[in-house]
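Student: 3D, please:
(chains A and B)
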Amino acid sequence: MSRVGVVVFPGSNCEHDVVSALTALGGRAELVWHAETDLSAYDAVVLPGGFAHGDYLRPGALARFSPVMGAVAALAEAGRPVLGICNGFQVLTEAGLLPGALQKNRGLTFLCQPTTLVVASTRSVLTRGAAVGQELVVPINHFAGSYVCDDATYRALVERDQVVLRYKDNPNGSRGDIAGIANEAGNVVGLMPHPERALTALLGSADGRVLLEGFLAAADDAAAARPLVTAP
Amino acid sequence: MEYAVRVDVTLKRGIADPEGATIERALPALGYAGVHSVRTGKAFALVVEADSEAGAREVAGSLATRLLSNPVIEDAAVTVVGVG
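Tutor: Numbers count the residues shown, from 1 in each chain, chains lettered A, B, ... in the order given. Have a look, this model is predicted:
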């Protein structure tokens, strides 16, 4: 079974939810402190939500320089699944692993509510199990979730099928209703909504399952593609 | 030498500035009818140790691009304001 590392920055606050969700779906997930510089033991990594380094300066601006980020970039470069949720998405854009930036919400309000997402592409480690056009109810919980990029970047995102999730009713002013994007290879994904909080209908929605199940399947694929190492 | 440096970070033209827009909407009620185009930003005051003013400017410029601003959405302007 694959191993998923869930990075804990000072100020992260969704790491236990992510581990709990991935574990409930049959995965193996472990917390990894941000001072770690080697993630080679992990087949995939998640940057969870929260307020890394207090969100001082800009969300993700300081987390980008955490020691772990070199290893996250190496994992991304190696084609292994990397997922940034909410603050994790902000960190990935600040680190340059995903294009664009997340700005303060239009209306300047902190938004904490269910949103309906529309799957725009299945060519990513997060949406591979979903269907294009499928609607998913997943909550958001952010102040700086308005996706911003220049015209050339937006055109490239659309042309290369890198927009993976759009809001049905744009809550925050995101360009093109973007809720989540992937890199060109599809192995690095960032999204503002929290799929780990949409695991059971009892708590509002179970629509996050198809996303995290896809991510775990991608992690398993990454594990299967690795050379076998004999335990000492 | 120590140089006092100021770095002004502002949103690029075309990037929505909801804070600036909100401030601007409040202006007529306060009697400032002739004020418009309000843009918000951040100012940083630093002291940089360097051999020359150009050197101080270079260090501050690098810092401004790598950390103090996000070049995707923000511009940074470096001003050397004094010698310590």
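Student: Which stretches in chain B count as helices?
Tutor: B:18-26, B:53-63 (DSSP state H).
Student: List the buried residues in the first one.
Tutor: When you say that, I think you mean helix B:18-26. B:Pro18, B:Gly20, B:Glu24 (16 or more other CB atoms under 10 Å in any protein chain shown). From N, CA and C alone the C-beta is placed, and that goes for glycine too.
Student: which residues touch that helix?
Tutor: Identification of contacts with helix B:18-26 by CB atoms under 8 Å, 6 or more residues apart in numbering or on different chains yields A:104-108, A:173, B:11, B:35-40.
Student: Comparing the helices of chain B by mean pLDDT, which bottoms out?
Tutor: Least confidently modelled of the helices of chain B is helix B:18-26, at a mean of 92 by mean pLDDT.
Student: from the chain's centre, how far out does the longest helix along chain A sit?
Tutor: Longest helix in chain A, counting residues (DSSP H): helix A:208-225. Helix A:208-225 sits 13 Å away from the centroid of its parent chain (CA atoms, centre = their mean, to the nearest Å).
Student: helices and strands around that helix, which ones?
Tutor: Under the contact criterion of 3 or more CB pairs under 8 Å, 6 or more residues apart in numbering or on different chains; DSSP states H and E, helix A:208-225 touches helix A:15-24, strand A:44-47, strand A:135-142.
Student: need those in TSV with mean pLDDT and mean neighbour count, can you?
Tutor: Shown next, in TSV, are those (pLDDT from 0 to 100; neighbours: other CB atoms under 10 Å in any protein chain shown):
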stretch	mean pLDDT	mean neighbour count
helix A:15-24	98	19
strand A:44-47	98	30
strand A:135-142	98	20
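Student: Mind putting these into a markdown table with distance to chain B?
Tutor: Output for the helices and strands packed on helix A:208-225, formatted as a markdown table (distance: least, CB to the nearest CB, whole Å):
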| stretch | distance to chain B |
| --- | --- |
| helix A:15-24 | 24 |
| strand A:44-47 | 17 |
| strand A:135-142 | 14 |
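Student: between those, which gets nearest to A:Ala218?
Tutor: For A:Ala218, the closest of these is strand A:44-47, at 6.8 Å, according to CB to CB.
Student: Sheet partners, orientation included, of that closest one?
Tutor: Here strand A:44-47 is paired, per DSSP bridges, with strand A:4-8 (parallel), strand A:82-85 (parallel).
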